[in-house]
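# A predicted structure for the sequence below; I have some questions about it.
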Amino acid sequence: MTGQGRAEGGSGGSPRNRQISRGTDDDIVNQIKSRVSLLDLVQQHIRLRKQGREYTGLCPFHQEKTPSFWVNEQMQSWYCFGCQRGGDVIRFQELIEKTDFRGALDTLAELAGVERKQESGAQKERTALRRRILEMNRLAQQYYEYVLWSTPAGEPGRRLLGRRDVNEELARRFGLGYAPGGANFASFLKKRGHKLGDAAAAGLVRSDNQDFFGERVLIPIRDERGSPLAFTGRTVSAEDPRKYVNTRETPAYVKGRVLFALDVARQGISDLGHAVLMEGQFDVIVGHRFGVTNAVASSGTALTAEQVRLLARFTEEVVLVFDNDHAGKAAAFKAIEQAAEGNLRTRVGVLEGPAKDPDEFLRAAAEQAPAKWAQVVKAAQPGWEFWIRDSVRDLNPNLRPADLEVALLRVGEVLVKIADPALRETYRQQSAYWLGVDATRVVIRPPSAPRDGARRDQASGRDVSEPGPAGKEWSVPFRYLLEMLAVRPDAIRRVRDRLPEQDLEPKERNAYRRLLDTVGTEGGLQALGDALPGFPDEEQDLVRRAWAHPPASTDDATVDDVVARIRREITRRRVRAIISDLRDAEVRGDAEQTALLNTRLADLRREEGS
Ligand SMILES: [Zn+2]
C-alpha cells in the first residue's frame with residue numbers, strides 16, 4: 001500500500017518535512033523560535049481576531065472571505081483549513097516571503113538579532129551594506145532638509161514648495177529636502193569621516209561625487225516605520241525633461257514593496273478606518289495638508305501584491321483617488337483587481353470638475369477642501385461597481401438593442417475578474433438591474449480572454465504540490481484520538497495499555513507509535529512541538545490542525561469512548577478475518593482448523609459484545 005510507505009519513511013522531498021542539518025543551524029532555529037513571536041509575525045501581514053484560546057483571520061496564502069487561518073500561540077503553530085497549509089514561524093516566513101528555508105532563516109535571524117555564524121560571506125556583506133545604505137539615507141534626509149530650510153542654496157526648493165502651497169511644517173512631516181547640486185553632500189560626508197562608497201551604493205552621489213539629485217526637491221520614500229529607503233527628486237527647473245527621478249533599486253530598496261507616506265498616514269488610516277491611495281507623491285503631501293491624513297501612494301509602480309499585503313496590515317478598505325484621465329482610470333482598474341486578490345476592499349473616488357488630480361482638486365477647494373473631500377469619499381462606489389458601470393458608460397442599452405449586446409459583453413468581461421463566486425454572483429444580478437434586463441441575460445464569460453479564469457484559479461493558491469487531507473486512510477476515531485493526544489498528551493496514560501500498537505492496522509501503527517514515543521516521555525506538549533518538524537507531512541498536518549482548532553471535547557470520558565470505538569473496530573476486523581479463514585478451512589475440509597477458528601470466533605464475539 002503506498003500510503004504505508006509514505007508514513008514509514010517520511011523523508012521525501014517535501015519542503016515541510018525537511019531535516020534540519022545538525023549543528024549550528026539547530027541552534028539558530030531554536031533561538032529564532034524563542035525570540036520571534038508567531039502571533040506578532042503573522043499580525044504584520046494579516047489581521048487576527050481572538051476566538052477562544054486561538055486566533056483566526058483571513059489566510060494570506062489563498063483567497064477567502066471567511067477566516068480559516070488559525071494561530072495557536074502556545075504551540076507557535078499555524079494552520080489554514082482552507083488551503084491546508086500549516087507550520088511554524090519559519091514555514092510562515094517562507095511562504096509569505098516566497099523564499100526557501102534558508103531565506104526565511106536569514107530574515108528571521110535578522111529580525112530576532114540572531115547572529116548567523118555560517119552566514120555566507122556574500123550574505124553578510126549584503127546585510128552590512130544594507131545597514132550602511134539606510135544610515136546614509138538617514139544622513140541625506142537630514143542634510144538636504146537642512147539645506148532646504150536653513151541655507152541660501154535651498155532657495156529654489158523653497159520657491160517650488162511655495163508654488164505648491166507646501167509650508168515648512170508640512171514639508172518637515174514628510175522630510176522633504178533640497179539638493180543644490182555640486183559635491184556638497186560628498187564634502188559633508190568627508191568632513192564627518194563617512195565613506196563615499198556607501199553614498200554611491202545608496203544612489204545619492206555620482207562617481208564624480210556630484211549629487212545624484214542635483215537641483216531637485218528630495219522626497220524620501222520611507223518604510224512604515226519612517227526609515228528612508230530611497231528618494232524621489234522633483235526638478236526645480238522648467239526645462240528639465242525629466243520631472244521626477246527615483247533612486248534605483250539597492251539592497252535597501254525594492255520598488256513595489258513600499259508605500260509612500262505610510263509612516264505618516266498609518267495613524268490617519270487607523271482613525272478613519274480606511275486608506276486613500278493616490279498616484280502622485282505631491283497629491284499625498286497636499287492631501288495631508290487638507291486633512292486627508294490617511295493618504296498614501298504606490299509611487300512609481302502600479303499597485304503590487306506586496307503593497308496590497310502591506311496596506312492590508314493597517315486596514316480592510318482603500319479608496320482609490322487617481323488622476324482624472326484615461327491612465328488614471330486604467331490604473332484604478334488594475335488596483336481594484338490587485339487589491340481583491342489580497343482581500344482588500346476598494347472604492348473609487350471621482351473628482352468632479354476640471355481638476356486633473358487630487359492635488360489640484362484640494363488646492364482649488366481651499367478652505368472647503370475637507371467638506372468637498374468628504375463628499376468624494378462618501379460618493380465613492382465599490383471598486384467592482386465602479387468598473388462595471390464605467391464599462392457601459394458610453395452606451396445606451398435601454399434605447400438601442402445593439403448597445404445592449406455590447407454592454408452585456410463588457411459587463412461579462414468585468415464579472416469574470418471577480419474571483420469570489422458569491423461576490424461575482426451578487427454583481428451579476430446587480431448588473432442585470434443596472435442594465436434593466438433579466439438576470440439570465442448577464443453571462444459571466446470572458447469573450448476576449450478565455451484563459452483568464454483558469455489562471456486566476458492557479459493564482460488563488462492551489463498549486464499541484466499541495467497535499468490532500470492528512471492521513472486519508474486513517475479511520476475517523478483513530479484520527480480523533482491522535483488529535484486529542486496532540487492537544488492533551490497526558491491522556492496517553494489512559495490509552496497506552498488499552499491500545500497496544502500491534503493491534504492497529506499498519507497504516508495507522510506508525511503514526512501512533514511516533515506520537516506515543518514523543519509525548520509518552522516526560523516532555524508532553526513541548527516534546528511534541530520540538531519533534532514535530534521531523535514527522536511525516538500528514539502527521540504534522542494532523543497535529544497542527546488540532547492545535548489550530550482543538551477537538552470539541554478531550555476529557556477522560558471522551559478519550560475512553562474513542563479508545564473503545566477503536567477497539568470495537570479492531571475486533572470487527574479480526575472477526576471478518578477469521579470468517580474468511582473459516583470459509584477457506586471448510587472448503588479445504590480441514591476440520592481441526594475449523595474447530596479452532598470457531599472457538600476463536602466465539603471468544604471475539606464475546607469480547608465484542610462486552
Ligand atoms: Zn489558506
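Yep, that arrived.

# where do the helices sit along the stretch 251-400 of the chain?
Secondary structure of the stretch 251-400 of the chain (DSSP state H, counting those that start in this stretch): helices at 262-272, 281-289, 305-312, 326-341, 358-365, 369-379, 383-391.

# how about CSV for these, with mean pLDDT and distance to L399 added?
Quick note: C-beta positions are derived from backbone N, CA and C, even for glycine. Converted to CSV, these look like this (pLDDT from 0 to 100; distance: least, Cβ to Cβ, whole Å):
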stretch, mean pLDDT, distance to L399
helix 262-272, 91, 41
helix 281-289, 95, 39
helix 305-312, 88, 40
helix 326-341, 93, 25
helix 358-365, 94, 34
helix 369-379, 95, 26
helix 383-391, 95, 17
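
# which one of those helices is the most hemmed in?
Comparing these by mean neighbour count (mean count of other Cβ atoms under 10 Å), helix 281-289 ranks first with a mean of 24.

# circling back: which of the helices of the stretch 251-400 of the chain sits closest to I28?
I28 lies closest to helix 305-312 among the helices of the stretch 251-400 of the chain, at 26.0 Å (Cβ to Cβ).

# returning to that earlier point: switch the helices of the stretch 251-400 of the chain over to CSV; also include distance to L148.
Below are those laid out as CSV (distance: least, Cβ to Cβ, whole Å):
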stretch, distance to L148
helix 262-272, 18
helix 281-289, 14
helix 305-312, 28
helix 326-341, 30
helix 358-365, 20
helix 369-379, 25
helix 383-391, 38
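
# Reformat the ones you listed as CSV; add distance to the ion.
Below are the helices of the stretch 251-400 of the chain laid out as CSV (distance: least, Cβ to the ion, whole Å):
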stretch, distance to the ion
helix 262-272, 25
helix 281-289, 33
helix 305-312, 14
helix 326-341, 13
helix 358-365, 36
helix 369-379, 32
helix 383-391, 23
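
# Can you list the neighbours in contact with stretch 183-197?
132, 136, 139-140, 143-144, 147, 153, 179, 199, 204-205, 208-211 (Cβ atoms under 8 Å, 6 or more residues apart in numbering).

# Show me how to select, in ChimeraX, the buried members of those.
Buried residues among the contacts of stretch 183-197 (16 or more other Cβ atoms under 10 Å), as a ChimeraX selection:
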select :132,136,139,140,143,144,147,179,199,204,205,209,210,211
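
# what about the helices of the stretch 251-400 of the chain, which gets the closest to L597?
The closest of the helices of the stretch 251-400 of the chain to L597 is helix 326-341. By Cβ to Cβ, the value is 63.0 Å.

# From the contact counts, what lies against that closest one?
Under the contact criterion of 3 or more Cβ pairs under 8 Å, 6 or more residues apart in numbering; DSSP states H and E, helix 326-341 touches helix 305-312, strand 317-320, strand 345-348, helix 383-391.

# For V42, which of the ones you listed is the nearest?
Each of these has some distance to V42 by Cβ to Cβ; the shortest is helix 305-312, at 12.1 Å.

# number of nearby residues for T301?
Neighbours of T301 under the rule other Cβ atoms under 10 Å: 12.

# show me what contacts it?
Shown in contact with T301 (Cβ under 8 Å, 6+ apart): K255, G256, Q307.

# Can you tell me which helices and strands the helix or strand containing L404 packs against?
Per DSSP states H and E, L404 falls inside helix 401-415. Taking 3+ Cβ pairs under 8 Å, 6+ apart as contact, the helices and strands that helix 401-415 lies on are helix 383-391, helix 421-435.

# Tell me which residues of that helix come out buried.
Neighbour counts using 16+ other Cβ under 10 Å place D403, L404, A407, L408, R410, V411, G412, E413, V414, L415 of helix 401-415 among the buried residues.

# what does stretch 504-518 give?
In terms of neighbour count (16+ other Cβ under 10 Å), stretch 504-518 has its buried residues at L504, E505, K507, E508, R509, N510, A511, Y512, R514, L515, L516, T518.

# what do you get for stretch 601-610?
Of all the residues in stretch 601-610, those buried under the rule 16+ other Cβ under 10 Å are L601, L604.

# Turn the helices and strands packed on helix 401-415 into JSON lines, columns for distance to F290.
Output for the helices and strands packed on helix 401-415, formatted as JSON lines (distance: least, Cβ to Cβ, whole Å):
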{"stretch": "helix 383-391", "distance to F290": "23"}
{"stretch": "helix 421-435", "distance to F290": "33"}
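
# Domain-wise, how is this structure divided?
Listed by automatic domain parsing, the domain ranges of the chain are 23-112, 125-253, 257-317+329-377, 392-463, 467-610.

# can you put the ones you listed in JSON lines and add distance to G383?
As requested, the domains of the chain are exported to JSON lines (distance: least, Cβ to Cβ, whole Å):
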{"stretch": "domain 23-112", "distance to G383": "15"}
{"stretch": "domain 125-253", "distance to G383": "23"}
{"stretch": "domain 257-317+329-377", "distance to G383": "3"}
{"stretch": "domain 392-463", "distance to G383": "10"}
{"stretch": "domain 467-610", "distance to G383": "32"}
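
# Could you point out which of the contacts of T301 is nearest to A577?
Among the contacts of T301, Q307 lies closest to A577 (Cβ to Cβ), at 61.7 Å.

# The closest one contacts L262, doesn't it?
No. Assessed by Cβ atoms under 8 Å, Q307 is found out of contact with L262, at 9.2 Å.

# Looking at the helices of the stretch 251-400 of the chain, which is nearest to L48?
Taking Cβ to Cβ, helix 305-312 is the member of these nearest to L48, at 12.2 Å.

# Show me what from the stretch 51-200 of the chain comes close to the ion.
By Cβ under 5 Å from the ion, the residues of the stretch 51-200 of the chain that approach the ion are C59, F61, H62, C80, G82, C83.
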